[in-house]
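> here you go, sequence then predicted model.
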Amino acid sequence: MWVVKIGGSLCGDPLLPAWLTLLGQLGGGRIALVCGGGTLADEVRQLQERWDTDDLSAHNMAVLTMVQNAYLLNSLNPALRLVSREADITPTLRRGGVALWQPLELLRHQPDPLTNWRHTSDSIALALARRLNAERLVLVKSCTIDASLDVDQLVQAAVLDDGFGPLARQAGLPIDILSRDQGEGLRELLLFGQRTAGADHG
């Protein structure tokens, strides 16, 4: 099982359908898909700043933006099967589907270590991968990725959230970070388990 996280900022990107087609074609039985909150989550940040609300409320609102974007991805590609419970991910994969996770179980009544902006959807996807004992995590970002940078440097560059580094060091699984135009890189990972030098565009 792999966890693939599509950045919410790709929800308005013309390349999004191609990514979803690729996942639908090659991810059946092996991919748990997570979508970030994107511009909807940015609106939550702005509202929190405007009204000075607490992080717990902002966390719950941001989780719901991920749920909304999952509905969008399912509408664009119904082969991606919506699941609202982690317990339903493995059965969906066993039936040969791609499990499109809606993280409703992350809604909280009390704050915990993840209910803050240090941990965004990248960290949420990594935490899910750890809970599922996933073999690999792939993050698809809208920005250009400098392949020479390690995870900590990508955190410093604000490509990844502040909480990602410590979680990644404890994860014990390969983490691949691709940019929006590297669909061929994901294809090669899914087919061959590794990327070649020519897999930087697609």
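Everything's here; your move. Residues are numbered from 1 along each chain as shown.

> output the below-cut-off pLDDT ranges for this structure.
Low-confidence regions of the chain, defined here as pLDDT under 70, cover residues 197-202.

> in it, which residue is most central in space?
Among the residues of the chain, the smallest C-alpha distance to the mean C-alpha position (C-alpha atoms, centre = their mean) belongs to residue 5, namely 2.2 Å.

> what values do phi and psi take at it?
In terms of degrees, to the nearest 10, the main-chain angles of residue 5 are phi -110, psi 120.

> surely it and residue 137 touch.
Yes: with the criterion set as C-beta atoms under 8 Å, residue 5 and residue 137 qualify as a contacting pair; they are 7.3 Å apart. Yep, even glycine has a C-beta here, placed from its N, CA and C like the rest.

> joint contacts of the two?
Residues touching both residue 5 and residue 137 (C-beta atoms under 8 Å, 6 or more residues apart in numbering) are residue 125.

> separation between the residue of the chain most remote from its centre and residue 57?
Relative to the centre of the chain, the most outlying C-alpha is that of residue 51, 28.0 Å out, by C-alpha atoms, centre = their mean. Taken as C-beta to C-beta, to the nearest Å, the spacing of residue 51 relative to residue 57 amounts to 9 Å.

> before we move on, back to that, against residue 176, how distant is the residue nearest to the centre of the chain?
If you measure residue 5 against residue 176 using C-beta to C-beta, the figure is 11 Å.
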